[in-house]
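In: structure of the sequence below:
(one chain, ligands or ions: 1)
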Amino acid sequence: MAKMSLTTAGESHGKALVAVLEGLPAHLAIDLEKINADLALRQSGFGRGGRQKIEKDAAEILTGVRDGETLGSPVTLCIYNKDYANWQACMSDGACDKATKSAKALTKVRPGHADLTGVIKYAQEDARNILERASARETAIRVAAGGVYKAYLSALGVEIAGRVKSVLDIVDDKEYTFEQLAAAKATQTGIVDKAKDEAAVERIKAMRAAGDTAGGVVEIRVKGLKSGFGGVMTYAEKLDARLAQGLMSIQAVKGVEVGLGFEAATRSGKEVHDEIFYAEDKGFYRTTNRAGGIEGGMSNGEEILLKVAMKPIPTLMKGLQTVDYATKEKAIAAAGRSDTCAIFAMG
Ligand code: EPS
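Out: Below is the predicted model of the structure:
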């Protein structure tokens, strides 16, 4: 079997987003409705911006699936951007309308976004040629691809759940069972605790009123992964490293923790390492899981526990101080429309 790989492509305001998934086995049942339900979740949550009113993301399967099952050939997924209809004049692959292209050019580069470093690195004048790919719109097609991988994981008995743990300084410190995390999907911000969810909504409203943005922390848990996934022999196969790479590649993510994460550095060895026990009926087990289910870069059979920190979105409606890349003069950073908070979607 070919090595599993995922390639995504597509500009935020271009025709479509696509993904090619290689190396999947044959006979995986693919349910497009489930994938589209995940896409709807990604579009929701309190604090999303105007774009989500335009899009109603739905994936189309172009290749690799027949009669609801994978064939073992590359699977290609596609999501058409409804907003392309409004951008065709300046996003067409053919000749663009020069006046529209220049009106939509972005040179008042946004601090925190890919704009400035991108125009320099790729030798562009217009940061639109950078931001179209840097945009978190790309996560739509990754969510669709994730739906296919979830079918694969589910065949292995692996389930994933998540919840928002915090938005700005509003933190839900309660402990939840894996099953209780399902409630997060029905909340406004992804925070399970009702009072904290309400408080987070108020904080996001205040940010919106101030033309500002907010980030937060998401907790992810993976249940049912047997021990031994990943590997200790080479750095590239370490499971924690690979998970961090995947998570850090999500737009606006600035930190990933496994198990205790940074807190492990503040505790002694006795307070960190999970003692090992053995029983005839369950084999080796631990009564704590501070390692977050990964030791030596390998899953150890316990739940995988991860935390992911998202910074505030860098498009601020009351823009920050910057420099116009075209004139090199002092300017206020560009703002068209923006999410105030996309933490629910990130989860
Ligand atoms: C997004 C679509 C984008 C942004 C957002 C994510 O749409 P537009 O640029 O047309 O408003 O709302 O992207 C960013 C946060 C970003 O910084 O680029 C989406 O579908 O999730």
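In: could you use CA atoms for every contact and neighbour count after this?
Out: Noted.
In: low-confidence regions, the stretch 1-150 of the chain specifically.
Out: Applying pLDDT under 70 to the stretch 1-150 of the chain flags the ranges 1.
In: which stretches in it count as helices?
Out: Per DSSP state H, counting those that start in this stretch, the stretch 1-150 of the chain carries helices over the ranges 32-42, 51-54, 84-91, 98-103, 115-121, 128-134, 139-155.
In: list the buried residues of the longest one.
Out: Within helix 139-155, the residues that qualify as buried by neighbour count (16 or more other CA atoms under 10 Å) are 139-152.
In: picking that back up, of the helices of the stretch 1-150 of the chain, which is nearest the ligand?
Out: Closest to the ligand of these is helix 51-54 (CA to the nearest ligand atom; 4.8 Å).
In: quick check, that closest one touching the ligand?
Out: Yes. Interface with the ligand: helix 51-54 contributes Arg51 (CA under 6 Å from any ligand atom).
In: and that helix, C-alpha only, in PDB?
Out: The C-alpha trace of helix 51-54 is given here as PDB (Å, rounded to 0.1, in the frame of the first residue of the first chain):
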ATOM      1  CA  ARG A  51     -18.000  34.900   4.700                       C
ATOM      2  CA  GLN A  52     -19.900  32.100   6.500                       C
ATOM      3  CA  LYS A  53     -23.200  33.700   5.400                       C
ATOM      4  CA  ILE A  54     -22.100  33.400   1.800                       C
END
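In: now what about that helix, what contacts it?
Out: By CA atoms under 8 Å, 6 or more residues apart in numbering, the residues outside helix 51-54 that reach it are 43-44, 82-83, 337.
In: touching, Ala29 and Lys150? I think so.
Out: No. Counting by CA atoms under 8 Å, Ala29 does not reach Lys150; the two are 10.5 Å apart.
In: quickly note the distance from Leu225 to Ala186.
Out: Using CA to CA, to the nearest Å, we find Leu225 at a distance of 26 Å from Ala186.
In: the more surrounded of those two?
Out: Using other CA atoms under 10 Å, the more surrounded residue of Leu225 and Ala186 is Leu225, with 20 against 12.
In: now do the same contact list for the more buried one.
Out: Here Leu225 is in contact with 156-158, 299, 301-304 (criterion: CA under 8 Å, 6+ apart).
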